[in-house]
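*Asks:* got a sequence here, can you model it:
(3 chains)
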Amino acid sequence: MKPSRRHPILGAFLAALAVLTITPPAWSADPIHVALSAPLTGNFAEYGQNFQKAIDLGVEWINAAGGVKGRPIVMVVGDSKADPKEAAALAQKFTSDSRIVAEIGDFSSTACLAAQPIYDRAGMVQLSPTASHPNFAPGSQWSFGIVGTQAGEGPFMASYAVQKLGKKRLAVLYINNDWGIVSKDLFIKAAKEMGAEVIATESYFETDKDFTGVLTKLRGQKPDLLYIPSFYNEAALINKQRERLGWTDVTMMGPGSLYSPKLLEIGGDSVNGLYTSAAFFPKDPGANVQKFVKGFETKYKATPNMFAAVAYDSINLLAFVIERVGTDRKAIRDEMAKARDFPGVTGKITFTERRDVVKEYRQLIIKNGDFVLYDR
Amino acid sequence: MLLSQVVNGLTQGSLYALVAIGFVIIFGTMNLVTFAHGEVYMIGAFVGYFALGVYHLPWGIALALGMTAAWVLGALIEKTAFRPLRATGHMPPLLITIGLSVILKDLAVIVFGAENRPVPSVYEATVRVAGVPVSVLQLVILGLAGGLVLALRLLLQGTKLGRAMRATAQDHEAAYAMGVNVNRVFNISFALASALGGAAGVMVGIYYNTVYPAMGGTAGLKGFAACIFGGLTSIPGAILGGLIIGVVENLTVQFISSGYRDVVAFVVMVLVLLLRPQGLLGKKLRTV
Amino acid sequence: MALHEFVPGRANRRVWLSLLVAAVLLPAVVRSEYLLNTAVLAGIYIILTSSLNITNGYTGLFSFGHAAFYGIGAYTAAILATRLGAGFWLTLPMAGLVAALFGAALAVPTLRLSGIFLALVTIGFQEIAFLVTLNWIGLTRGPMGIPGVPPPGLFGFELRGNTGYYYLVLALDVLTLFVLSRVVTSRVGRAFIAIREDELAAQASGIPTFRMKVLAFVIATFFAGLAGAVFAHHARFVSADSFRLDETFVILTMLIVGGMGSFLGPIIGAVALVILPEASRFLAEYRGVVYGLILIGVILFRPEGVAGVPGIIQPRGLLARRPAPPGGEEPAR
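*Replies:* Numbering: from 1, shown residues only, chains lettered A, B, ... in the order given. Model prediction:
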């Protein structure tokens, strides 16, 4: 016995489906499309927006100089919110769009890892400005990372803490994600090799806001230095709550992820005296660095930070590669892997056979509400 | 360090208790459960953030504004979502509050953005109480929570409205028969519970220097766990439940690991439901 | 025949077969990879809502923990595939079994609770499952999730495009719906309904109500686990925060909107609410608000949803014709 009426919702759904499938794809033979997957909203918005600003500046200059192979670059931007699921969904969208030749993104290693199988399966370059997890770039022929990995930064920070500052009793409070765990591991390994003692390690989840409990616990162990592999939000909160608990006799240090004006804004006085690092320093006198810094300041009325710098290097590197081999996705990948001494504002870019790079870092400290080079 | 953790725990626990008291009031008076309480707390927190962080009003005003916003929102929810469904049992209103919670959270993300908003610091100083370093802010929060509870008690025991609320909680049909305007009492009860939640939200924002749209989710659930732990219909139970959960959480951080802190509330809730559904101080319940 | 009485059976064989044929032909008409991906998602949700329907719709149990079992299935599949190299055809049944085991373990101590208490216990279990998953880094990689789950393979041929996944999900949907249709039209299914309508009467008439409730739970969680395996091999990345209370609310909303206690209801709800946010970017951005409003609208104006059995959510009509007694009454359960 059939139902005596078709339900209206079923009909509406079929109609909607029909409409969606008949819509023709947009066609434009001229510009070269590059995708950007980055957190433009959410807790990592600061980082993603820096990517976008720097890339827009780079694209503006590239197009003004005649484009790539005479064609302008057009960015196709997706907001991943640093959420691995969103990053994967964007990867699906980007790889099914035949106009897009390569992708820049994402910000966090976890998001990059989630999207990796999709770019790998479809065969599209995934160039992450900031993924620093040692397993990211080697995980797929199509994945590239230009910020250096924690295998380089970890020992650098350990040396800063143990050899430069002479700290012997170290504690670590790290964010419990891919990047945080690997940062902690590599820092601790290097620090121990240099003769320091790691007396406590504690972790927190990205969504945790309460650090009073864990700070009280760490305080009880009386470390000389507390190393905090975190992003700027939590680092600021950790420091504020630390101050409020009256724990002021410990040295604070964190990796280059903290090098952002937002840390100063949210952390206020509590982050004065914090030690950190950078692979990019705006006062570097190099010509390409100054051109970038001045251009960014003119356009955005703000000094670029490390995140803007690596994104700027990403688009320039990609443009350079496309100029040499054209827009075939595989050709782009192959040429990218051969990059040697590409002059980036964050240093020379040469990919190892694992498709990551070895970086040089600078030691910084926050003084009077600003980042300065540590020169003692 | 142990005493420090206890102080941490009591401070957080007092905030859980405020949320839990809200649930007790709603359930005790109206026999209903709301899943939107966490979002009301969140809206209160955001109003407090705007007052304190954006308009730089004194924190006391921010607190009052947050509580007022929560009160109004609560009254609105009761009037539009609970009242028309009053004859239908407890499930439809519950499902509606699920819908409301999803809407409020999503709207907050759309309007405010998903990122954490930094709340300026209030009371940065530290003091020593019995040799234990305690943040002045912790003392302020404890005092404030205590003050609100006392005010609540005065309201319930010493005013006509309070008597009406207690009568309605005990037997609303009898109260109606005695001339109590039960609809009004329900609305005020819900609004009052919401205001307490809003107060907790503002204070959490100040304590952790941050507010964000997702903050209501776990807070609401933990508040509910505290309410069940204490006994669904007992206000002193809710306070006790909240404080105990707060302290045990911090002891868990100290002795086990910070990752398992959040588990405490839910393990407590499940155990209570399975072993002693009436909680610490509740009366033996009729099944809902 | 009312929509909610529409169950696959000999009588309406032709209708179901033509639906099946249309579904099989879909990829020929719909060429967009992105839309096929959406169809795959809809297929996964059909399994989730139909299975939740067994406990919440047919048996009247308010389980609010479904996403946890979905997650348990997904993690089981991901762990077996990435650690032990197990193929999809092993991870799929294992996911269902492990989820069902957890379902049974949870059901036995908790099913003597009812109504809101059962709901709360299932929520508590769900949060605990989430936190344990997050902390047990050795097993689950905690907050990092498990990436690199391989796609399903068949005779050495790996599934790559969305078309392949679509047919896989379609086949699983057919299997699931077939099994569930046999269940609900059997004595077991009638027992479920009897328990929902009046548990005491059911008990009095000899139905072993406790065992039946546990059975309903086990069936529901088994299929939730299967859905989890499909998700794991499709998304190829599982992370604990896909399986929390929010996700249970999504599944529950789909079920309520589609209609509880009927066969068609969950299917309609799943398809409609997965497709809806794709229909316009506005809807996609406001997805939470849209879902919430739809849920509220349904509860207020048509609690049985599109094709559900009337009366499950509340014992009498909404916006009751007689004036509400002050403060409401005890529900008739």
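*Asks:* please count neighbours and contacts with C-alpha atoms only from this point.
*Replies:* Noted.
*Asks:* run through the residues of chain C sitting next to chain A.
*Replies:* Within chain C, the positions near chain A by CA under 8 Å from any CA of the partner chain are C:1-3, C:6, C:11-12, C:15, C:29-34, C:142-144, C:147-148, C:160, C:235-237, C:268, C:272, C:275, C:279.
*Asks:* try the stretch 1-150 of chain B
*Replies:* So the stretch 1-150 of chain B meets chain A at B:1, B:4-5, B:8, B:113-116, B:118, B:124-126, B:133-135 (CA under 8 Å from any CA).
*Asks:* which of these fall in helices?
*Replies:* B:4, B:5, B:8 (DSSP state H).
*Asks:* write the ChimeraX selection for whichever of the residues of chain C next to chain A are buried.
*Replies:* Those of the residues of chain C next to chain A that count as buried under 16 or more other CA atoms under 10 Å in any protein chain shown are selected in ChimeraX with:
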select /C:3,6,30,32,33,34,142,143,144,147,148,235,236,237,268,272,275
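*Asks:* neighbour-wise, which one of the residues of the stretch 1-150 of chain B next to chain A leads?
*Replies:* residue B:5 (27 neighbours; other CA atoms under 10 Å in any protein chain shown).
*Asks:* save the ones in helices among the residues of the stretch 1-150 of chain B next to chain A as TSV, and put in pLDDT and distance to chain C too.
*Replies:* Converted to TSV, these look like this (pLDDT from 0 to 100; distance: CA to the nearest CA, whole Å):
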residue	pLDDT	distance to chain C
B:4	88	25
B:5	90	22
B:8	92	22
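*Asks:* give me the residue at the spatial middle of chain C.
*Replies:* residue C:48 (2.1 Å; CA atoms, centre = their mean).
*Asks:* any idea whether that one is helix, strand or coil?
*Replies:* Per DSSP: H, G, I helix; E, B strand; the rest coil, the secondary structure class of residue C:48 is helix.
*Asks:* helix or strand for the residue nearest to it when sequence neighbours are not counted, which one?
*Replies:* Leaving aside its chain neighbours, residue C:48 sits nearest to residue C:224 (5.5 Å; criterion: CA to CA, 6 or more residues apart in numbering or on different chains). Per DSSP states H and E, residue C:224 falls inside helix C:209-235.
*Asks:* other residues contacting the helix or strand just after that helix?
*Replies:* Sequence order places strand C:237-238 as the next helix or strand after helix C:209-235, per DSSP H and E. Contacting residues not belonging to strand C:237-238 are listed as A:114, C:74, C:75, C:78, C:145, C:146, C:147, C:148, C:149, C:232 [CA atoms under 8 Å, 6 or more residues apart in numbering or on different chains].
*Asks:* closest to chain B out of those residues?
*Replies:* Using CA to the nearest CA, residue C:145 comes nearest to chain B of the contacts of strand C:237-238, at 15.7 Å.
*Asks:* tell me who's in contact with that closest one.
*Replies:* C:237, C:238, C:239, C:240.
*Asks:* burial of the residue nearest to residue C:48, as a residue count?
*Replies:* 32.
*Asks:* what's the answer for residue C:243, then?
*Replies:* For residue C:243, using other CA under 10 Å, the count is 24.
*Asks:* go on, the one 10 residues further on?
*Replies:* Taking other CA under 10 Å as the criterion, the count of residues near residue C:253 is 27.
*Asks:* what of residue A:168?
*Replies:* 20.
*Asks:* end to end, how far does stretch A:160-180 reach?
*Replies:* End-to-end distance for stretch A:160-180: 19 Å, by CA to CA, to the nearest Å.
*Asks:* that stretch near chain C at all?
*Replies:* Yes: using CA under 8 Å from any CA, stretch A:160-180 reaches chain C at A:176, A:177, A:178.
*Asks:* what about the residue nearest to residue C:221 when sequence neighbours are not counted, is that helix, strand or coil?
*Replies:* Counting by CA to CA, 6+ apart, the nearest residue to residue C:221 once its immediate chain neighbours are dropped is residue C:100, at 5.0 Å. Here residue C:100 is recorded as helix under three-state DSSP.
*Asks:* my guess is residue C:100 meets residue C:216, correct?
*Replies:* No: counting by CA atoms under 8 Å, residue C:216 is not a contact partner of residue C:100; they are 10.4 Å apart.
*Asks:* my reading is that residue A:331 is in a helix; is that accurate?
*Replies:* Yes: under three-state DSSP, residue A:331 sits within a helix.
*Asks:* now it: how far from chain B?
*Replies:* 39 Å (CA to the nearest CA, to the nearest Å).
*Asks:* what is the neighbour count of that residue?
*Replies:* 15.
*Asks:* how far away is it from chain C?
*Replies:* On the measure of CA to the nearest CA, residue A:331 and chain C end up 22 Å apart.
*Asks:* same deal with residue A:306?
*Replies:* From residue A:306 to chain C the distance is 24 Å (CA to the nearest CA).
*Asks:* shaky segments in chain C?
*Replies:* Scanning chain C with the threshold set as pLDDT under 70 gives C:1, C:9-10, C:155-157, C:314-333.
*Asks:* and the pLDDT for residue A:164?
*Replies:* Residue A:164 is assigned 90 on the pLDDT scale.
*Asks:* circling back: ok, and the most crowded of the contacts of residue C:145?
*Replies:* When neighbours are counted by other CA under 10 Å, residue C:238 leads the contacts of residue C:145 with 31 neighbours.
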